[in-house]
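Asks: Build me a structure from this.
(2 chains)
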Amino acid sequence: MTELLGFGWEDVERISSDSESPDWIKEKRNTAWEAYENLPMPTQRDEMWKYTDLSTLNIKNVKTLEKSKYSAVEKFESFPDEAIKLLSDEAIHIEENGGMCKPGLLIQHDSQVTFTDVDEELTEKGVIFCSMADAVRNHPELVQKHFMEKVVPVGEGKFSSLNAALWNGGIFLYVPKGIEIKMPFKSYILMTDGGEALFHHSLIVLEAGAHVTYIEQCRSDDYSTDSLNSSVAEVVVKDGASLNYMTFQNWGNNVVDISTRKAVVERDASMNWMVGTLGGKVTRSSFETRLIGQGASTNTRGFFLASDKQHHDFWGLLSHEAPNTTADLLYKGVLKGKSRSVFRGLIKISEEAQQTDSYLTNNNILLSDDARADSVPTLEINANDVKASHGATVGNLDKDEIFYLMSRGLTKSAAEKLIINGFFAPVLKAIDSEILREHIYQFIDKKLGA
Amino acid sequence: MSLPTTDIGTEEYKYGFSDDVKPEIIFDKGLSRKTVEDISNIKSEPGWMTDLRLKAYEIFLEKPMPEWGADLSEIDFDDIIYFVRASDKKMTDWDDVPAEIKETFEKLGIPESERKFLAGAEAQYDSESVYGALQGEWEKQGVIFVDTDTALREHEKLVKKYFGSVVPAADNKLAALNTAVWSGGSFLYIPKGVKVGLPLQAYFRINTQNMGQFERTMIIADEGSNVQYIEGCTAPTYTTNSLHSAVVEIICKKDSRVRYTTLQNWSGNVYNLVTKRAQAYENATMEWIDANLGSKVTMKYPSVYLMERGAKADVISIAFANTGQHQDVGSKVVHLAPYTTSKIISKSISKGKGRSTYRGLVKIHEGMEGCKSNVNCDALLLDEASATDTYPYIEIEDPTAAIEHEATVSKLSDEQIFYLQQRGIPEDEARNMIINGFIEPFTKLLPLEYAVEMNRLIELQMEGSVG
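Replies: Have a look, this model is predicted:
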């Protein structure tokens, strides 16, 4: 078998020498590269990759960019046209807010964050929202403690190690004790060319009692050559804090996305994930939540709409490691064309995690004969005073429901769209922003209509 | 609230006696090409069977040990006796069976139930059957119910046609091992349209220390036939481990119905690694009813391949894992034809440091429209130390499928116990009542005497759990 990826030691050296990064980061890249080289490339023989075949991918020649081709922009309007095109909904939003991006907006264009706008009042209070590259230079005392340490340690996975060796973008969000911000922090990751490799690395740390929302969106056009995005996000939510982390992926049809996002949730803290997968060629998203403090909770909502030959592989872990923890995961998907989906979920309850409630649900609708959905919702329970359940369904659209709607004068396709919107509603209603929700519904509509 | 854990060793294992029956032939420990040839020679088997065994032996050597399930690292294939013959001739009448063996069966209640209820009984004592009787009536209708060795001698054509057709030697390492060294087991053939009213039953027992039992059971239900088959398994409590690795192959032809019931109560040092598979053809129904109470490790996933339109699979299983036990069980249903349905109900109870695992697969192939499948797993945890896992695999390639899977994990509800206590029922009885209620969907499918036995076994396992 030929190698899946063509990266080498010289890529690590090039990135290390080019950037103004501190020594400890260079060392981290070296150790991570070593770990990457020692770990075997996952194959379908590995249980966790059973349904996703990486060997057929054509991403050997993707290139990492240590510096983005694009220089930093001061004003949102100064982005090049191809980027503006991908940000149309955000532009409307900014215009409506009188040109402001409060509390904070970061835009990564290819491998670098080229646009930063953060509310200065928050900066004065100690809130940090900046690119990862800036963070390692300016806030090493905060970053070093968490960067690839306890949340996603170096060597945990093949792709997360590769990310640690070659990372070239990403954000850092730090919220000090007790600060509560209603409006969401936002970031965009834009890819405006084919054949690229992005290694986005984010770190979010919420001190005790902080409450924030972060929305991350990946976007690109369709290009003729395949690209790779391999992100890692590390999240630490301290006592009593809460984070809503939303991530929507709408890559073009030639992007392979293999990403890991992981949160460690402390006492009485809560971590809410929202994940939407709409684009991409092959997507493997991994969401892991470790509830390590008493009373910690997590809520994960996810949806996908796959068409053509898209392949969506989702892995969700709810790890209960302390008493009185609660978790709920709901993942819903619709498949068209020759698309395939994989859902793998695990509720893991350790011996000490008594009085725990945990729920995991996966629902899939197949719209075509050639689509395929695999679902593996699993439980590993080592404590007895718990309530845990999971459910999974795979089915098609209910003919009776369609008939009913048609008898009320709807066309068949309108009826189908209405039922699918209703199917997604329990997930999408968790999105506060109307503009964003509307944007997602529009996209779903467009994709269903094709 | 918590329960004190009870070590399985302090509880009485009802079938833990070992009988002073001198084996007529006993092999040395270990497995080689020669062992395989010797087994075949002793039985004067036809050449094709010897070849099949040897081929399977090669496959056994090549195949890796399964690593995805329970811990099997303690199994030493060289420390197992592969063939023991209890008495060298077959008994045709109950009166001719040696007194010690009879006593064993007496203790187990076999002849009693045989006289009262059962149409035929096949008892396997170590490697070969010593006693088999089938009521004349069924025999007249052409029902064949013999041990598989006899079947090979007297119905070679049938055996040759179906042996390994459902579970080929290459299926997995232990199926290969069974194919290489199999001995005994039941062979059941039900001719077209014959409906056997009463359940046929077989009994398997390991009596020799370090013994490996490798029975091979085959059931062929011809078109429109109907049969119920029940097997029970026990072993004495020895200090060293034994291995039970059976293969069961079932063919349900058009419109037939087969119900296969297993009550597995091996002692706590038996590795129970069994491959059970059925093929169901047009409108046929295959039911697996599977109870796993004993053994150290059980890995067993009765499966059904739904081969033609309208075929149906029903699997209901319970597992009880006490301290030192791992019940890694489940079911596999593969929908290979349109309009096929399956239903899996799994109930597990973990007590002490026991671990029960549900591992299952429902697969619907592309183009198989109108398939339905429903899977339900409930787990009950009795102690803080007990554990349970659920690993259901659902693979759907057809949009018209309707698939549902649900699993729950819970402990005995304090409210329910309190309610019963309030009505004057002591706590331990209340617990038993709730547990019996939990497994009722299972017990109600058993013949009466088995249901009673089952409840008693559970009570025995539960003894001392209220301190």
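Asks: And the helices in the stretch 101-250 of chain A, which stretches?
Replies: For the stretch 101-250 of chain A, the helices identified by DSSP state H, counting those that start in this stretch occupy A:120-124, A:132-138, A:140-143, A:158-166, in order along the chain.
Asks: Only the buried residues of the shortest one, if you could.
Replies: Judged by neighbour count using 16 or more other Cβ atoms under 10 Å in any protein chain shown, the buried positions of helix A:140-143 are A:142, A:143. Where C-beta positions appear, they are placed from N, C-alpha and C, glycine not excepted.
Asks: and the residue nearest to residue A:9 when sequence neighbours are not counted, how many neighbours?
Replies: Leaving aside its sequence neighbours, residue A:9 sits nearest to residue A:33 (Cβ to Cβ, 6 or more residues apart in numbering or on different chains; 6.7 Å). The number of residues packed near residue A:33 is 23, by other Cβ atoms under 10 Å in any protein chain shown.
Asks: Then residue A:308?
Replies: 12.
Asks: Tell me how far it lies from chain B.
Replies: Using Cβ to the nearest Cβ, to the nearest Å, one obtains 16 Å as the distance from residue A:308 to chain B.
Asks: Repeat that for residue A:414.
Replies: Taking Cβ to the nearest Cβ as the criterion, residue A:414 is separated from chain B by 20 Å.
Asks: That residue should be in a helix, yeah?
Replies: Yes. When the secondary structure is assigned by DSSP: H, G, I helix; E, B strand; the rest coil, residue A:414 falls within a helix.
Asks: The residue lying closest to it once chain neighbours are set aside: what's it in contact with?
Replies: Spatially, and ignoring its direct neighbours in sequence, residue A:414 is nearest to residue A:405 (7.6 Å; Cβ to Cβ, 6+ apart). Contact analysis of residue A:405 by Cβ atoms under 8 Å, 6 or more residues apart in numbering or on different chains lists A:414, A:415, A:418, A:419.
Asks: Residue A:115: which of the residues you listed is nearest?
Replies: Each of those was scored against residue A:115 by Cβ to Cβ, and residue A:418 proved nearest at 38.2 Å.
Asks: Please identify which helix or strand holds that closest one.
Replies: helix A:412-428 (DSSP states H and E).
Asks: residues of the helix or strand following that helix that come out buried?
Replies: For helix A:412-428, the following helix or strand on the C-terminal side (DSSP H and E) is helix A:434-449. Under the neighbour-count criterion of 16+ other Cβ under 10 Å, helix A:434-449 has A:436, A:439, A:440, A:441, A:443, A:444, A:447, A:448 buried.
Asks: Run the chain-centre distance for helix A:434-449.
Replies: For helix A:434-449, the distance between its averaged C-alpha position and the chain's averaged C-alpha position is 19 Å (Cα atoms, centre = their mean, to the nearest Å).
Asks: Close to chain A: what parts of the stretch 51-200 of chain B are there?
Replies: Along the stretch 51-200 of chain B, the residues adjacent to chain A under the rule Cβ under 8 Å from any Cβ of the partner chain are residue B:68.
Asks: Show me the shaky parts of the stretch 51-200 of chain B.
Replies: Regions of the stretch 51-200 of chain B meeting the criterion pLDDT under 70 cover residues B:86-136.
Asks: what's the neighbour count on the nearest residue to residue B:400 once chain neighbours are set aside?
Replies: Take residue B:400 and drop its neighbours on the chain: the residue closest to it by Cβ to Cβ, 6+ apart is residue B:369, 4.2 Å away. By the measure other Cβ under 10 Å, the count of residues near residue B:369 is 15.
Asks: Can you say which helix or strand has residue B:37 in it?
Replies: For residue B:37, the enclosing helix or strand under DSSP H and E is helix B:33-42.
Asks: about what we covered before: element containing the residue nearest to residue A:9?
Replies: Secondary-structure element containing residue A:33, defined by DSSP H and E: helix A:23-38.
Asks: what sits up against that helix?
Replies: Contact partners of helix A:23-38, identified using Cβ under 8 Å, 6+ apart, comprise A:9, A:12, A:15-16, A:136, A:140, A:144, A:147-148, A:154-155, A:158, A:161-166.
Asks: Now the element after it, going C-ward?
Replies: Proceeding N to C from helix A:23-38, the next assigned helix or strand is strand A:63-64, under DSSP H and E.
Asks: name the helices or strands packed onto the helix or strand following that next one?
Replies: Toward the C-terminal end, the helix or strand that comes next after strand A:63-64 (DSSP H and E) is helix A:81-86. Taking 3 or more Cβ pairs under 8 Å, 6 or more residues apart in numbering or on different chains; DSSP states H and E as contact, the helices and strands that helix A:81-86 lies on are strand A:185-191.
Asks: Listing partners with orientation, what would you give for the strand it packs on?
Replies: strand A:104-109 (parallel), strand A:211-220 (parallel) (DSSP bridges).
Asks: Save these as CSV, and put in mean neighbour count and mean pLDDT too.
Replies: As requested, those are exported to CSV (neighbours: other Cβ atoms under 10 Å in any protein chain shown; pLDDT from 0 to 100):
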stretch, mean neighbour count, mean pLDDT
strand A:104-109, 25, 92
strand A:211-220, 23, 96
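Asks: For the stretch 1-150 of chain B, which residue gets nearest to chain A?
Replies: residue B:68 (6.8 Å; Cβ to the nearest Cβ).
Asks: part of a strand, is that residue?
Replies: No. Residue B:68: not assigned to a strand; according to three-state DSSP it is coil.
Asks: That one reaches residue A:46, doesn't it?
Replies: No. With contact taken as Cβ atoms under 8 Å, residue B:68 and residue A:46 are classed as non-touching, separated by 11.1 Å.
Asks: and those two? which has more neighbours close in?
Replies: Under the neighbour definition other Cβ under 10 Å, residue B:68 and residue A:46 were set side by side, and residue A:46 has more, 12 against 9.
Asks: Let me know the pLDDT of that one.
Replies: Among the per-residue scores, residue A:46 shows a pLDDT of 85.
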